[in-house]
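*Asks:* got a predicted structure plus its sequence, pasted below:
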Amino acid sequence: MSTATLPTPTYARTVLGSGPGLLLAHGAGGGISANYGPILTGLAAGHTVVGVDLPGAGDTPRATAALELDDLADQLVAAGVAEGLETFAVSGYSLGGAVAVRAATRHPERVTALVLTAPFAHADHRLRLVARVWRGLYESGDRATFAAFVTPLALSPAALAALSADDLADALRTSADTPPPGTPEHTELIERVDVRADLAAVDVPVLVVSTTGDRLVEPNHHHALAAGLRTARVVELDAGHLPFAERPAEWEAAITGFLAEVESGH
């Protein structure tokens, strides 16, 4: 039996593929398409993939109150069960990493493995302040300044330096135009997330993908979270906070390779 009662799933979801279940939890200011789009086909080649868009992302209506991590985790699991999956691995990216950890502790009989990319267990002073400025600039409507703030945090220094003037202009336009309406609620949740007490209760194989050039959720967060997990393995990916933009093939290979090991029992 679940340790938490499942709600009726209400979040918009993406469902692809067949095979063992794999749930996807995206990051703040993102969405399933935005954060997993470049690797969805590869993930679905061997799995039934179910990804949910958080409130205010994709086709999920924006929340009318502050988001709660328990609700996000329960909605994610409920979506997988609604698609006929009894058990599943969970891949969480950035804020979605905390959602995945909470799903594993609230529904331990259903979660078989975790893949946590650029995750954090709780926000330190720096990350809380970054989230606060991120939210404030978004809410100000000054999209140009918003983009100028988030772009150098999202990209690795090497990737940023390699951009031509035209490519940088394109990246800034993308950063300005693509954040979903739920960004304020997502970034506010960053300030309150704390899954440190959950980590010791996780008893499934875990892969932590540390994005070594990350200037948004810096690698010390990835390693601190991994240190709290008895069953975690860490792999490093030479990318900033956007592995789907900088290293999609390598990111996909890390996820699918780990899941193949878990599913084979090795």
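*Replies:* Nice, thanks for sending it over.
*Asks:* so for the helix or strand containing residue 75, what's the average pLDDT?
*Replies:* Taking DSSP states H and E as the criterion, residue 75 maps to helix 69-82. Across helix 69-82, pLDDT averages out at 98.
*Asks:* the stretch 101-250 of the chain: helices as residue ranges?
*Replies:* 125-140, 143-154, 157-162, 165-177, 183-192, 196-199, 219-227, 243-246, 248-264 (DSSP state H, counting those that start in this stretch).
*Asks:* ok, which of those helices comes nearest residue 15?
*Replies:* helix 248-264 (17.5 Å; Cβ to Cβ). The way it works is simple: take the backbone N, C-alpha and C, and place the C-beta from them, glycine included.
*Asks:* helices and strands around that closest one, which ones?
*Replies:* helix 40-44, strand 88-93, strand 111-117, strand 206-211, strand 232-237, helix 243-246 (3 or more Cβ pairs under 8 Å, 6 or more residues apart in numbering; DSSP states H and E).
*Asks:* quick check: end-to-end length of stretch 240-253?
*Replies:* Stretch 240-253 has an end-to-end distance of 17 Å (Cα to Cα, to the nearest Å).
*Asks:* number the chain from 275, please
*Replies:* Right, with 275 as the first residue, what we last looked at is stretch 514-527.
*Asks:* quick one on the thing from earlier: tell me which other helices or strands the helix holding residue 349 touches.
*Replies:* Looks like helix 343-356 contacts strand 295-299, strand 322-326, helix 369-380 (3+ Cβ pairs under 8 Å, 6+ apart).
*Asks:* tilt between the longest one and strand 385-391?
*Replies:* In this case it means helix 369-380. 160 degrees (axes from the mean of the first three to the mean of the last three Cα atoms, to 10 degrees).
*Asks:* let's have the helices and strands packed on helix 343-356 in JSON lines, adding mean pLDDT and mean neighbour count.
*Replies:* Below are those laid out as JSON lines (pLDDT from 0 to 100; neighbours: other Cβ atoms under 10 Å):
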{"stretch": "strand 295-299", "mean pLDDT": "98", "mean neighbour count": "27"}
{"stretch": "strand 322-326", "mean pLDDT": "98", "mean neighbour count": "27"}
{"stretch": "helix 369-380", "mean pLDDT": "98", "mean neighbour count": "28"}
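*Asks:* make CSV out of these and add distance to residue 438.
*Replies:* Below are the helices and strands packed on helix 343-356 laid out as CSV (distance: least, Cβ to Cβ, whole Å):
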stretch, distance to residue 438
strand 295-299, 32
strand 322-326, 33
helix 369-380, 31
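*Asks:* relative to residue 527, which of those is closest?
*Replies:* With Cβ to Cβ as the criterion, residue 527 lies closest to strand 295-299 of the helices and strands packed on helix 343-356, at 14.8 Å.
*Asks:* distance of the closest residue to residue 475 other than its chain neighbours from residue 445?
*Replies:* Closest residue to residue 475 apart from its sequence neighbours, by Cβ to Cβ, 6 or more residues apart in numbering: residue 379 at 4.8 Å. Per Cβ to Cβ, to the nearest Å, residue 379 is found 37 Å from residue 445.
*Asks:* and residue 479, by the same measure?
*Replies:* For residue 479 relative to residue 445 (Cβ to Cβ), the value is 35 Å.
*Asks:* likewise residue 476?
*Replies:* In terms of Cβ to Cβ, residue 476 sits 36 Å off from residue 445.
*Asks:* and residue 297, by the same measure?
*Replies:* 30 Å.
*Asks:* with adjacent residues omitted, what lies nearest to residue 420?
*Replies:* residue 411 (4.1 Å).
*Asks:* could you do residue 478 as well?
*Replies:* Closest to residue 478 by Cβ to Cβ, 6+ apart is residue 387, at 5.2 Å.
*Asks:* what is the neighbour count of the one you found?
*Replies:* Around residue 387 there are 23 other residues, counting by other Cβ atoms under 10 Å.
*Asks:* check it and give its pLDDT.
*Replies:* Residue 387 is assigned 98 on the pLDDT scale.
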